[in-house]
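Participant: sequence below, structure please.
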Amino acid sequence: MKAIVLTALRQMELMDVPGPSIENDDDVLLKVERVGICGSDVHYYETGKIGRQVVEYPFIIGHECSATVKAFGAAVTGLKVGEPVVVDPAVPCGTCDQCRMGRENTCHTVRFLGAPGQGGGCLCEYLVMPQQCCYPTNGAITLEQAALCEPFSIGVYTVKRGALPTDARIAILGTGPIGLSVLSAAKAQGAKKIYVTDKIDTRLEAAKGVGVAWTGNPNKDDIVGGIVGDGVGGGSGAEPLGLDVVFECCGQQDAVDQAIDILRPGGTLVLVGTPRKERVSFDVDKFRRKEIEVRYIRRQNHCVRPAMDMIENKQVSIDFMITHRFGLEETKEGFELVAAYGDGVIKAMIDV
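Facilitator: From the prediction side, this is the model:
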């Protein structure tokens, strides 16, 4: 089969590699249809690692995909050959303490598509996944929407973990695909007032299309002053009350600092972005005086089906995130575009 293979930093080639085969009774052989380029894929492309996960070349990356069923093992039920599916890229063990607690997203031995040391990715023609990772679309969503379900399900899980209060006032710092997924999910969950920031104006324009109270570009605007001055006060004393929840979706220290400043006392900081540096820090004085609660997001957990349902039921419209499309042989061009944040790119989609 044909596959896009990382061969060195910022180097990838279209190669012929051995195709996968069904080995277990619950295996499903999938024909990959669409693959979204994720920021984490770009991390591997540019730096060869994320934290302790280091690429050993050659390596196939990619984890956001839709597919159609090609064949399946003897124990598989409820699937048909040719049926489109959403693919959950995580294969938890099901037996460790985390899985038994319902936290399959932090499974100790999870296998994740396109993660070094765990498994090859989906930038290839065929893939084998267990049935538990294959969600039939029943024709209710498109193949592109099905591929977007992976990042959107992270947005759904993030908003769930954010535990938005009634009539929540929130901020989303960073409006790439994950930030826009959080925005779409939060809007559907009834957030009252939403503030968003990004360094790319076209992404702010995309956020306005979803519906927000305020947008700001940290390269041009005073983010803290702009949000605080937009009527999020109401508390007594020298400081304004601030926001209920801030979702940090860009992995930047400056955004973490801004989040602490715009949160109300007792507010919640939800960290979603993947920093390229090994550490982030907090202003301890502000942090403890406000008694800020921090939650970190690890991928998604039991949110693929809810994400599919929200798309099918028209609670959200996510198609706007796809701004560029490439063929498999053009994948490197797509990665270079995303790495450079070029041409107003939000989500680049590969048509396998």
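
Participant: just give the closest residue to residue 289, not the sequence neighbours.
Facilitator: Counting by CB to CB, 6 or more residues apart in numbering, residue 289 lies nearest to residue 265, which is 7.6 Å off, once chain neighbours are set aside. Every residue, glycine included, has its C-beta placed from N, CA and C.

Participant: my read: the one you found touches residue 242, true?
Facilitator: Yes: using CB atoms under 8 Å, residue 265 and residue 242 qualify as a contacting pair, with a distance of 7.4 Å.

Participant: in terms of neighbours, single out the busier of those two.
Facilitator: residue 242 (23 against 12; other CB atoms under 10 Å).

Participant: now do the helices in the stretch 1-150 of the chain.
Facilitator: Ranges of helices within the stretch 1-150 of the chain are 39-47, 97-100, 143-162, based on DSSP state H, counting those that start in this stretch.

Participant: what distance do you get for residue 260 to residue 281?
Facilitator: To residue 281, residue 260 is 11 Å away according to CB to CB, to the nearest Å.

Participant: neighbour-wise, which of the two wins?
Facilitator: Set residue 260 next to residue 281 and count neighbours by other CB under 10 Å: residue 260 wins out with 20 against 9.

Participant: roughly how far apart are the more buried one and residue 174?
Facilitator: Distance from residue 260 to residue 174, by CB to CB: 16 Å.

Participant: could you do residue 55 as well?
Facilitator: 25 Å.

Participant: higher neighbour count, those two?
Facilitator: Using other CB under 10 Å, the more surrounded residue of residue 55 and residue 174 is residue 174, with 24 against 21.

Participant: okay, that one: pLDDT?
Facilitator: The model reports residue 174 with a pLDDT of 97.

Participant: just to check, it is in contact with residue 204?
Facilitator: No: Residue 174 lies out of contact with residue 204 (CB under 8 Å); the separation is 10.9 Å.

Participant: residue 191: neighbouring residues, count only.
Facilitator: Neighbours of residue 191 (other CB under 10 Å): 25.

Participant: number of nearby residues for the closest residue to it other than its chain neighbours?
Facilitator: Among residues not flanking residue 191 along the chain, residue 168 sits closest, at 4.8 Å (CB to CB, 6+ apart). Per other CB under 10 Å, the neighbour tally for residue 168 reads 20.

Participant: now residue 265: phi and psi?
Facilitator: Main-chain torsions, residue 265, degrees, to the nearest 10: phi -60, psi 130.

Participant: quick one: it and residue 285, what's the gap?
Facilitator: For residue 265, the distance to residue 285 - CB to CB - is 13 Å.

Participant: over to residue 75?
Facilitator: Distance from residue 75 to residue 285, by CB to CB: 58 Å.

Participant: identify the residues contacting the spatially most central residue of the chain.
Facilitator: Closest to where the C-alpha atoms of the chain average out (CA atoms, centre = their mean) is residue 151, at 3.4 Å. The neighbours of residue 151, taking CB atoms under 8 Å, 6 or more residues apart in numbering as the test, are 36, 38, 64, 177-178, 181, 347.

Participant: adding neighbour count, write the residues you listed out as TSV.
Facilitator: Conversion of these to TSV gives the following (neighbours: other CB atoms under 10 Å):
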residue	neighbour count
36	26
38	25
64	28
177	29
178	26
181	32
347	25
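
Participant: in strands only, show me these.
Facilitator: Counting by DSSP state E, the part of the contacts of residue 151 found in strands is 36, 64, 347.

Participant: go through those residues and name the one nearest residue 191.
Facilitator: Among the ones in strands among the contacts of residue 151, residue 347 lies closest to residue 191 (CB to CB), at 22.1 Å.

Participant: tell me who's in contact with that closest one.
Facilitator: By CB under 8 Å, 6+ apart, residue 347 lies in contact with 36-37, 148, 151, 177, 321-324.

Participant: run the last query once more with 6 Å
Facilitator: Residue 347 makes contact with 36, 177, 321-322 under the criterion CB atoms under 6 Å, 6 or more residues apart in numbering.

Participant: okay, now the unreliable bits of the stretch 201-350 of the chain?
Facilitator: 231-240 (pLDDT under 70).

Participant: show me where it has helices.
Facilitator: Going by DSSP H, counting those that start in this stretch, the stretch 201-350 of the chain shows helices at 201-210, 223-228, 253-262, 284-290, 304-312, 331-339.

Participant: the first one: how far from the chain's middle?
Facilitator: Same thing as helix 201-210. Centroid separation between helix 201-210 and its chain, computed with CA atoms, centre = their mean, to the nearest Å, is 18 Å.

Participant: what helices or strands is that helix leaning on?
Facilitator: Where contact means 3 or more CB pairs under 6 Å, 6 or more residues apart in numbering; DSSP states H and E, helix 201-210 is packed against helix 177-188.
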